[in-house]
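S.K.: Just need the structure, nothing else, for what follows:
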Amino acid sequence: MKKIKTAIIPTRATFAKVRAPHELHKEAICVFAATGFFLNTDTYFKDQMVLPPGSLCSIDEDGFFLESTPWFQWHNSPRAISFEAAVEEFSQLFETIVAEQIGEQKVILPLSGGLDSRTQAVAMHHLQREVQSYSYDFKGGYAETSIGKKIAKACDFNFNEYHVGAGYLWEVIEELAEINQCYSEFTHPRQMAIFNEYAGMGDVFSLGHWGDVLFDGSGNTKISEEEQLQYLLKKIIKKGGMELANTLWLAWELPGSFSHYLSDRVQRLLAAIPIKHTGAKIRAFKSLYWAPRWTATNLAVFEEKKPITLPYFDNRMCEFICTIPEEYLADRKLQIAYIKQRNAQLAKITWEENKPFNLYTFPKNRSPYNIPYRILNKVKRETRALFGNPYIQRNWELQFLGASNDEKLKEYLFNEHLESLVSQETIRSFYKKFTTQDAVYYSHPVSMLLTLSLKMKQLARES
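M.R.: Okay, the predicted model is just below:
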């Protein structure tokens, strides 16, 4: 018998066999269609599972799962600690984790306009590490690279900027399918657009995933269990996802209704978390079921080129969060205070979420202070659209819109691989709704059908 101890937030899935029929787990695939990730320990097959996070798992000599016992449980145990002391503790812990993870290696640091990578930049500048930073944005979208460039300049980091163009997905989609095994839809990992650039950048990635969840608490201490359930369902179900999942559920003649199946599963998972504070409980749910199966899935893209480190995934950071008063976590207070204390210059650079304001001025991102920016931004976007250059906000717009993208999309949607799982009528229905009714709403169902097409192609090759 083998024992496997999983991290509180694993960076990669560990698969095990289950004594069950080797057949597609269609209920799990419906959840995947609705949300974009597999729930809990589900996989594509009934006889395969992913080991749960924060657990000590027993596997027999043939690779079959026997049992698991949690070695860590998310909790809400706030200490009587001042905000200043909490900031100091975070500073020491974060910098210790970063220093241990990267050692003396040259760091590859993706920079965005948000707070998580900015916090990493502060730590690495303070630790005087060698950093190769980079940023990318969408051609025709918001110039996110401009913020990354300013952060890099303020820290004296080397910096590369990239502009992700239309249609890059089709050149790398088969490779991406092999890397993530089709456990994530394909319109999200835009890092594939510069996949071949990573080899010469440095020695190790430092990635800022999950900081935005851990360091954004809620002041709402108590809402009903039903309200918590509805909040989570609203968060995890993508636009058009429920319609696709319901269609597949009925076509596959699964028992009951999909909406009841999903609600019941989420409710039971939520009820098993022994936390009373609503914000802390929601954070725990996301960290247990969303982070390992959604956020972590495409970390494999980075890891394909270089080793990865994630300071916010570190077990010590998760344990630290459980002991901090929720009011200190609300509105990113800890990260903002840390950045201001360590590097005031970085705090003065635009915060993309609150543009054009920064970490000192963002409380003014409300009427009437933000009206001039909103008006100017709207005029710019409408002017561009008049000249045939629409503003790009979402990755799928670069992948699915336009004649050449459409040809590639149809090539993957309308073939024997996907049609072995989903009827041609269903495929045509969702494709038509995407192209003629509401592209925004139906982009997710089309992306999920594309993902399933690649998975079925993989399985056909393996059989």
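
S.K.: so who does the spatially most central residue of the chain touch?
M.R.: Relative to the mean C-alpha position of the chain, the nearest C-alpha, by C-alpha atoms, centre = their mean, is the one of Thr295, at 3.4 Å. Contacts for Thr295 were tallied using C-beta atoms under 8 Å, 6 or more residues apart in numbering; they are 209-210. To be clear about C-beta, it is placed using only N, CA and C from the backbone, and glycine gets the same treatment.

S.K.: What are the structural domain limits within the chain?
M.R.: With domains defined by automatic domain parsing, the chain comprises 1-73+240-275, 83-215+292-364, 410-463.

S.K.: Please tell me the pLDDT value assigned to the residue nearest to the centre of the chain.
M.R.: Predicted confidence (pLDDT) for Thr295: 93.

S.K.: Give me whichever of the domains of the chain is most buried.
M.R.: Ranked by mean neighbour count under mean count of other C-beta atoms under 10 Å, the domains of the chain are led by domain 83-215+292-364, which reaches a mean of 19.

S.K.: Quick check: next helix or strand after the helix or strand harbouring Lys234?
M.R.: According to DSSP states H and E, Lys234 maps onto helix 225-236. Tracing the chain past helix 225-236, the next element assigned as helix or strand by DSSP H and E is helix 241-251.

S.K.: re the thing from before, from the chain's centroid, how far away is the helix holding Lys234?
M.R.: The chain centre lies 19 Å from the centre of helix 225-236; the measure is C-alpha atoms, centre = their mean, to the nearest Å.

S.K.: Quick check: which helices or strands does it pack against?
M.R.: With contacts defined as 3 or more C-beta pairs under 8 Å, 6 or more residues apart in numbering; DSSP states H and E, helix 225-236 has these neighbours: helix 258-271, helix 278-285.

S.K.: now those helices in JSON lines, with mean pLDDT?
M.R.: Below are the helices and strands packed on helix 225-236 laid out as JSON lines (pLDDT from 0 to 100):
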{"stretch": "helix 258-271", "mean pLDDT": "97"}
{"stretch": "helix 278-285", "mean pLDDT": "94"}
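
S.K.: so which of the ones you listed gets nearest Cys322?
M.R.: Go through those one by one with C-beta to C-beta and the one that ends up closest to Cys322 is helix 278-285, at 7.7 Å.

S.K.: and the closest one, what does it pack onto?
M.R.: helix 225-236, helix 258-271, helix 326-329.

S.K.: rerun at 7 Å
M.R.: Secondary structure elements in contact with helix 278-285, counted by 3 or more C-beta pairs under 7 Å, 6 or more residues apart in numbering; DSSP states H and E, are helix 225-236.

S.K.: Would you mind writing the CA trace of stretch 284-297 as CSV?
M.R.: Listed in CSV are the C-alpha atoms of stretch 284-297, where the atom choice follows Å, rounded to 0.1, in the frame of the first residue of the first chain:
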residue,chain,number,x,y,z
ALA,A,284,-12.8,27.5,1.7
PHE,A,285,-15.2,26.0,-0.9
LYS,A,286,-13.4,27.8,-3.7
SER,A,287,-10.0,26.7,-2.4
LEU,A,288,-11.1,23.1,-2.1
TYR,A,289,-13.0,22.7,-5.4
TRP,A,290,-12.3,25.6,-7.7
ALA,A,291,-8.5,26.2,-7.2
PRO,A,292,-7.4,22.6,-7.8
ARG,A,293,-9.7,21.8,-10.7
TRP,A,294,-10.0,25.2,-12.5
THR,A,295,-7.1,27.4,-11.6
ALA,A,296,-4.4,24.8,-11.3
THR,A,297,-5.3,22.9,-14.5
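
S.K.: check contacts around Leu262.
M.R.: Applying C-beta atoms under 7 Å, 6 or more residues apart in numbering, we find Leu262 in contact with 31, 34.

S.K.: So what touches the helix or strand harbouring Glu397?
M.R.: Taking DSSP H and E as the criterion, the element that holds Glu397 is helix 395-400. By C-beta under 7 Å, 6+ apart, the residues outside helix 395-400 that reach it are 138, 164-167, 169, 187-188, 190, 392, 405, 409, 443, 446-447.

S.K.: let's go with 10 Å and repeat that
M.R.: Helix 395-400 is touched from outside by 138-141, 164-170, 173, 185-190, 193, 390-392, 394, 405-406, 408-409, 434-435, 439-440, 442-444, 446-447, 450, with contacts defined as C-beta atoms under 10 Å, 6 or more residues apart in numbering.

S.K.: Okay then, goodbye and thanks.
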